[in-house]
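Student: sequence first, then the predicted structure:
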Amino acid sequence: MTLDRQRIVAEAVALLDAEGLDGVTTRKLAARLGVQSPTLYWHFPNKAALVTAIADAILDQEFGDREPPAPGQRWQDWLSGLAERLRRALLAHPDGARVLSSSQLSRTMAAISELAMSSLVTRGIPLHQARVIVLTVERFTVGHVLEEQAPRPDAEALKGFDLATFTEQYPTVVAAVADYFAPGRTVDDLFRDCLRVVIAGADATSL
């Protein structure tokens, strides 16, 4: 089978899914492809270029179609949907948010930003404010997923943890967590609620 850029990226995404971003090395990728590591440099000059290609690939899986707000659709609702799609794309792969954060000049991310900013400008929002709104939403979304995909405390980290003392010291925090994740509520609800605050706040800010 011919070794081309598309095949390399597809295998790199598979390696990401199997081992996370730290496991994506040129040595392991070359082994999966049955080639020597230097062969990969014909297509990608360094790991940064490979990571950017992986970022584009995982975004393209979710953003094969990119449409502006429909006539009559509130741009706030449309932007919220765009952020949910971005989160879904990143959550679909281990370390998806780290991959995007580590990418350099992702063309797909640039296309998403272009669509979002131009859509807001078309709705009469000044460019400088559209830029801040879109960047705030994008960075909140990536940051939220970074936390979602971060390793959970393991048994060693929890050794000696005293929940009763923690609750006594931080009662409002514990009560808020318990209240938020009452039966029927999930982290998806948390993301949407926070996203509404982010968009409303950014929209209300006069720049």
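Tutor: Perfect, I can see it now.
Student: domain ranges for this structure?
Tutor: 1-45, 64-206 (the TED database).
Student: what would the ones you listed look like in CSV with distance to Ala57, mean pLDDT and mean neighbour count?
Tutor: Yep, even glycine has a C-beta here, placed from its N, CA and C like the rest. Converted to CSV, the domains of the chain look like this (distance: least, C-beta to C-beta, whole Å; pLDDT from 0 to 100; neighbours: other C-beta atoms under 10 Å):
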stretch, distance to Ala57, mean pLDDT, mean neighbour count
domain 1-45, 5, 92, 15
domain 64-206, 8, 93, 14
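Student: just put those in CSV and tack on distance to Ala53.
Tutor: CSV is the format used below for the domains of the chain (distance: least, C-beta to C-beta, whole Å):
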stretch, distance to Ala53
domain 1-45, 5
domain 64-206, 9
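Student: among the ones you listed, which is nearest Thr52?
Tutor: Thr52 lies closest to domain 64-206 among these, at 4.2 Å (C-beta to C-beta).
Student: the closest one: how far from the chain's middle?
Tutor: 8 Å (C-alpha atoms, centre = their mean, to the nearest Å).
Student: all helices of this protein, in order?
Tutor: Shown for the chain, the helices assigned by DSSP state H span residues 5-19, 26-33, 37-40, 47-62, 75-91, 96-102, 107-122, 127-149, 155-158, 163-169, 171-180, 187-204.
Student: so which elements touch the first one?
Tutor: It refers to helix 5-19. Under the contact definition 3 or more C-beta pairs under 8 Å, 6 or more residues apart in numbering; DSSP states H and E, helix 5-19 sits against helix 26-33, helix 47-62.
Student: make TSV out of those and add distance to Leu135.
Tutor: As requested, the helices and strands packed on helix 5-19 are exported to TSV (distance: least, C-beta to C-beta, whole Å):
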stretch	distance to Leu135
helix 26-33	32
helix 47-62	16
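Student: and Pro151, what are its phi and psi?
Tutor: phi -60, psi 140 (degrees, to the nearest 10).
Student: circling back to that earlier point, now the helices of the chain in a markdown table, with distance to Pro69?
Tutor: What follows is those, written out as a markdown table (distance: least, C-beta to C-beta, whole Å):
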| stretch | distance to Pro69 |
| --- | --- |
| helix 5-19 | 30 |
| helix 26-33 | 39 |
| helix 37-40 | 41 |
| helix 47-62 | 18 |
| helix 75-91 | 4 |
| helix 96-102 | 24 |
| helix 107-122 | 6 |
| helix 127-149 | 13 |
| helix 155-158 | 44 |
| helix 163-169 | 45 |
| helix 171-180 | 30 |
| helix 187-204 | 13 |
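Student: cool, thanks, signing off.
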